[in-house]
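Peer 1: Sequence plus predicted model, see below.
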Amino acid sequence: MSRTSLTLPFSAARLRTWRERAGLTQQQLADKCGLSRFQISRWETGEAKPEPASLAPLVRGLAGALRGQIGGKSSFELDDLLDWTVVRSRD
């Protein structure tokens, strides 16, 4: 089975910002998501992008940690980890 690479404009910087805003270490986020700290680290440095199957647990983990902390927002969503300006600049 071949792996599908992420074509969404995933932002390593946004992941780190949201993780820090939630007050989590990489290990704590990994534990909440059922992922490895190594994966979180590689995603935050831009060394790799999450596979589509990893996005749902990542968003659920961050959403749970951020519940009640997001001013003016009702929930944390996948779109919060994407940088659409990258896509627009390629057009």
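Peer 2: Sure thing, it's come through.
Peer 1: Now do the helices in this structure.
Peer 2: Along the chain, counting by DSSP state H, helices occupy 12-21, 26-33, 37-45, 52-66, 84-90.
Peer 1: Isn't residue 82 up against residue 9?
Peer 2: Yes: the pair residue 82 and residue 9 qualifies as a contact (C-beta atoms under 8 Å) at a distance of 5.2 Å. In this view, the C-beta of every residue, glycine as well, is placed from N, C-alpha and C.
Peer 1: where does this structure have low pLDDT?
Peer 2: Residue ranges of the chain with pLDDT under 70: 1-7, 68-74, 86-91.
Peer 1: Quick test: name the residue nearest the centre of it.
Peer 2: residue 15 (4.4 Å; C-alpha atoms, centre = their mean).
Peer 1: for that one, what are its contacts?
Peer 2: 40, 43, 44, 58, 81 (C-beta atoms under 8 Å, 6 or more residues apart in numbering).
Peer 1: So for residue 77, which of the helices of the chain sits nearest?
Peer 2: helix 52-66 (6.7 Å; C-beta to C-beta).
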